[in-house]
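**Q** Just a sequence and a predicted model for now, questions to come.
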Amino acid sequence: MGCPGAEPILLSQEVTQPALQGPWVGGIEREEYTIGVQGCGQRRTYVVICPQGSDNCFAADSGGVVQDLQQR
C-alpha cells in the first residue's frame, strides 16, 4: 500500500483440510489468516496461507500473490 500509517487487523483464522485425502493420498493442512489493512484512504484484504510444519507463508490479494513471508 505504501502507507506508513496503515493498520492491519486479524479478521479471521482457520485451519483448512487438504483437498485430497484418502488411504494412499494425503495433503498438507494449512493455516489461513484473513487480514484487513486500512490507511491513507485505502482499504485492502489479504489472505495469508501457511502450510503446517513450514515457515513458508505467502500473502495473496485479489490480484494474486503479494509476497512470500519467511516468518510468521
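**A** Noted; the coordinates are in hand. Numbering: from 1, shown residues only.

**Q** Just checking: what are the partner strands of the helix or strand where residue 36 lies?
**A** Using DSSP states H and E, residue 36 sits in strand 30-39. Strands that pair with strand 30-39, judged by DSSP bridges, come out as strand 7-16 (antiparallel), strand 42-51 (antiparallel).

**Q** what comes up buried for it?
**A** Going by neighbour count (16 or more other CB atoms under 10 Å), the buried part of strand 30-39 is 30, 33, 35, 37-38. In short, each C-beta sits where N, CA and C put it, glycine included.

**Q** circling back to that earlier point, let me have the strands paired with strand 30-39 in a markdown table, adding mean neighbour count as columns.
**A** A markdown table is the format used below for the strands paired with strand 30-39 (neighbours: other CB atoms under 10 Å):
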| stretch | mean neighbour count |
| --- | --- |
| strand 7-16 | 10 |
| strand 42-51 | 15 |
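
**Q** Least reliable of these by average pLDDT, please.
**A** Among the strands paired with strand 30-39, strand 42-51 has the lowest mean pLDDT, at a mean of 87.

**Q** Which neighbouring elements make contact with the helix or strand that it is followed by?
**A** Sequence-wise, the next helix or strand downstream of strand 42-51 (DSSP H and E) is strand 57-61. For strand 57-61, the elements it packs on are strand 42-51, strand 64-69, judged by 3 or more CB pairs under 8 Å, 6 or more residues apart in numbering; DSSP states H and E.

**Q** how far out from the middle of the chain is the first one?
**A** Here strand 42-51 is found 5 Å from its chain centre; the criterion is CA atoms, centre = their mean, to the nearest Å.

**Q** Report the central residue of this protein.
**A** The centre of the chain sits closest to residue 48, judged by CA atoms, centre = their mean, with a distance of 0.7 Å.

**Q** Of the buried residues of strand 30-39, which is the nearest to residue 11?
**A** residue 35 (6.6 Å; CB to CB).
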